[in-house]
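Trainee: With the input below, show me the fold.
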Amino acid sequence: MRGRWKAIAAVAIGGALALSGCGGGDDGGGDSSEVEVFSWWTGPGEADGLKALQADFEKKNPGIKFTNAAIAGGSGTQAQAVLASRLQNRKPPDSFQGHAGAELLDYIKAGQIEPLDSFYEENNLKQAYPQQLLEQITYQGKIYSVPVNIHRSNVLWYNPKILEDAGISAPPASIAEFITALKAVKDKTGKVPLSLGAQWTADHLLENVLLGDLGTDAYNALWKPGGDWSSPAVTKALTDFAEIMKYTTAEAASTDWQGASKAVVDGKAAFNIMGDWAYGYFVNPAPNGLGKKPDTDFKYAASPGTEGTYMWLSDSFTLPRDAPHRGGALAWLKQVSSKEGQDIFNPKKGSIPARKDADKSLYKGYLEYAFNEWNKPGVKLAGSFWHGVYSNKKWHTDIDTAVGLFLQDRNVGKLQQALVTAAKSNAQ
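Mentor: From the prediction side, this is the model:
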């Protein structure tokens, strides 16, 4: 989760790909004796959710043997390396996890996964999922994965006591207010204004600053073919990013997101911008969480400048070409795309369903807030580039490299030029 298109394929990846040798379709058939499901769901919450999904799947499909092929570590990095080797050697699992959106492009280009349009039609999924979401996971008129959940990237977590001590009456609603608040925390409290972790958390911060400064439409436009990364508006956003980085800690890179988020609930840092998986970490009891109390130990809001926009990412499952047990794979996709399956999984995972018809009563605390925001009339969607929605793997790496160099020299001009070059070389 942490630690990756019609509107957005138009938006994110353009129309240049001819999917040679990638016909097929998804109209049933194939071996239904078993199903091997490949994921990186091994951590607290997600492993519990997968176990519950498996139990329900086996109850509904007693003739199908379920094999959990989850691989731990690296927020999916290790799993994706193993998966790449298996696909290259033409030994695919029956279904594998991937972030919905442009992260799947490499698999699409290589003809390694099948389009799922007839599966969507047969299971009435185009009515079940929000239209904006369908647009943002469609590439050249086809859909290649089934979203299981939705996480939100643009969440500001903050310590209410530190804000009170700094004289800040409400969470900052714009990037300008955020910078002012960071300065107030530094000057008046001596606490860390903004906690940051490993380098990828700086990439995560960058996407939030870009969205907060540019607004939803201009942010989304960056990922269209010809998106203008050289504009004065982007320069302003990157300048603000550089200013915000002055209020983070020099030793931040020594910890991952958990340490950075924990600093807020422990009263050591005022703010942290992190995806909503942090909520489960905060409130779950030990040993899987910190056992902290909402509204006392922490509060949350949309990241500065992004109220009304849901910067989303989604775990999804695919149908590999030449899946050994195709019938079993389709049965699994039916399970994870169903209302019942998503309501079984997401309360345990700490995410919300992608479907519109989920049982709202199952989602409490932050999840109730997220559920309402996702389903709010008029909500705007923006995809998380860091978590696979808007950038393919190479573009993702190129941006990370640019940010890494920026963290060394703090040169905004070089950062912007690197981002311009990355966009041009990864035109999708």
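
Trainee: C-alpha only now, for contacts and for neighbours.
Mentor: Fine.

Trainee: the helices in the stretch 1-150 of the chain, which residues?
Mentor: Taking DSSP state H, counting those that start in this stretch as the test, the helices found in the stretch 1-150 of the chain are 7-8, 46-60, 77-88, 105-109, 117-122, 125-128, 131-136.

Trainee: which stretches of this protein have low pLDDT?
Mentor: Applying pLDDT under 70 to the chain flags residues 1-29, 74-75, 250-254, 428.

Trainee: Spatially central residue for it, please.
Mentor: Nearest to the geometric centre of the chain sits Leu313, at 3.0 Å (CA atoms, centre = their mean).

Trainee: what helix or strand does Leu163 sit in?
Mentor: For Leu163, the host element (DSSP states H and E) is helix 160-165.

Trainee: in that helix, what's buried?
Mentor: 160, 162-163 (16 or more other CA atoms under 10 Å).

Trainee: tell me the SS of Thr248?
Mentor: Secondary structure of Thr248, reduced to three states by DSSP: H, G, I helix; E, B strand; the rest coil: coil.

Trainee: what's it in contact with, if anything?
Mentor: By CA atoms under 8 Å, 6 or more residues apart in numbering, Thr248 lies in contact with 192-196.

Trainee: Mind checking which of those residues are in strands?
Mentor: Those of those mapping onto strands are 192-194, per DSSP state E.

Trainee: quick one: which of these is most hemmed in?
Mentor: Neighbour counts for the ones in strands among the contacts of Thr248 (other CA atoms under 10 Å) peak at Pro193, which has 29 neighbours.

Trainee: Quick check: the gap between it and Lys268.
Mentor: Pro193 sits 9 Å away from Lys268, going by CA to CA, to the nearest Å.

Trainee: picking that back up, name the nearest of the buried residues of helix 160-165 relative to Ala358.
Mentor: Of all the buried residues of helix 160-165, Pro160 has the smallest distance to Ala358: 32.0 Å, by CA to CA.

Trainee: pretty sure the closest one is touching Lys299, no?
Mentor: Yes - contact criterion CA atoms under 8 Å: Pro160 and Lys299 qualify, at 6.6 Å.

Trainee: so how far is Lys142 from Glu121?
Mentor: From Glu121 to Lys142 the distance is 12 Å (CA to CA).

Trainee: what helices or strands is the helix holding Leu163 leaning on?
Mentor: helix 175-189, strand 269-273 (3 or more CA pairs under 8 Å, 6 or more residues apart in numbering; DSSP states H and E).

Trainee: and Ala55, which of these is closest to it?
Mentor: strand 269-273 (35.0 Å).

Trainee: Quickly run through the sheet partners of the closest one, with directions.
Mentor: Strand 269-273 pairs in its sheet with strand 155-158 (antiparallel), strand 192-194 (parallel), by DSSP bridges.

Trainee: can you list contacts of it?
Mentor: 154-160, 162-163, 185, 191-196, 204-205, 260-261, 263-264, 303.

Trainee: can you put the strands paired with strand 269-273 in CSV and add distance to Asn392?
Mentor: Listed next are those as CSV, based on distance: least, CA to CA, whole Å:
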stretch, distance to Asn392
strand 155-158, 23
strand 192-194, 29
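
Trainee: looking at the ones you listed, which is closest to Ile137?
Mentor: Among the strands paired with strand 269-273, strand 155-158 sits nearest to Ile137 (CA to CA), with 22.3 Å.

Trainee: For the closest one, which outside residues touch it?
Mentor: Applying CA under 8 Å, 6+ apart, the contact partners of strand 155-158 are 171, 261, 264-265, 270-276, 298-304.

Trainee: same thing with stretch 287-295?
Mentor: Stretch 287-295 is contacted from outside by 44, 160, 265, 280-285, 298, using CA under 8 Å, 6+ apart.

Trainee: any idea which of the residues you listed is closest to Ile352?
Mentor: The closest of the contacts of stretch 287-295 to Ile352 turns out to be Gly280 (CA to CA; 12.3 Å).

Trainee: and the contacts of stretch 287-295, which of them are in strands?
Mentor: Within the contacts of stretch 287-295, no residue falls in strands by DSSP E.

Trainee: For Lys59, give its distance to Pro353.
Mentor: With distances taken as CA to CA, Lys59 is found 21 Å from Pro353.

Trainee: Apologies, that question was intended for Glu122.
Mentor: From Glu122 over to Pro353 (counting by CA to CA), the distance is 20 Å.

Trainee: So between the two, which is more surrounded?
Mentor: The neighbour comparison of Glu122 against Pro353 (other CA under 10 Å) goes to Pro353, with 29 against 11.

Trainee: residues near Asp398, how many?
Mentor: Applying other CA under 10 Å, we find 19 residues neighbouring Asp398.

Trainee: Can I get the host helix or strand of Leu419 in PDB, CA atoms only?
Mentor: Secondary structure assigned from DSSP H and E places Leu419 in helix 412-425. Output of helix 412-425 as PDB, limited to C-alpha atoms (Å, rounded to 0.1, in the frame of the first residue of the first chain):
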ATOM      1  CA  VAL A 412      14.400  23.800  -7.200                       C
ATOM      2  CA  GLY A 413      15.400  24.600 -10.800                       C
ATOM      3  CA  LYS A 414      17.200  21.300 -11.100                       C
ATOM      4  CA  LEU A 415      14.300  19.400  -9.600                       C
ATOM      5  CA  GLN A 416      11.800  21.000 -12.000                       C
ATOM      6  CA  GLN A 417      14.000  20.300 -15.100                       C
ATOM      7  CA  ALA A 418      14.400  16.700 -14.000                       C
ATOM      8  CA  LEU A 419      10.600  16.400 -13.700                       C
ATOM      9  CA  VAL A 420      10.200  17.900 -17.200                       C
ATOM     10  CA  THR A 421      12.700  15.400 -18.600                       C
ATOM     11  CA  ALA A 422      11.000  12.500 -16.800                       C
ATOM     12  CA  ALA A 423       7.600  13.500 -18.200                       C
ATOM     13  CA  LYS A 424       8.900  13.800 -21.700                       C
ATOM     14  CA  SER A 425      10.800  10.500 -21.600                       C
END
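
Trainee: what does it rub up against?
Mentor: Contacts of helix 412-425 with the rest of the structure, by CA under 8 Å, 6+ apart, involve 223, 226-230, 234-235, 238-239, 242, 395, 398-399, 402-403, 405-406.
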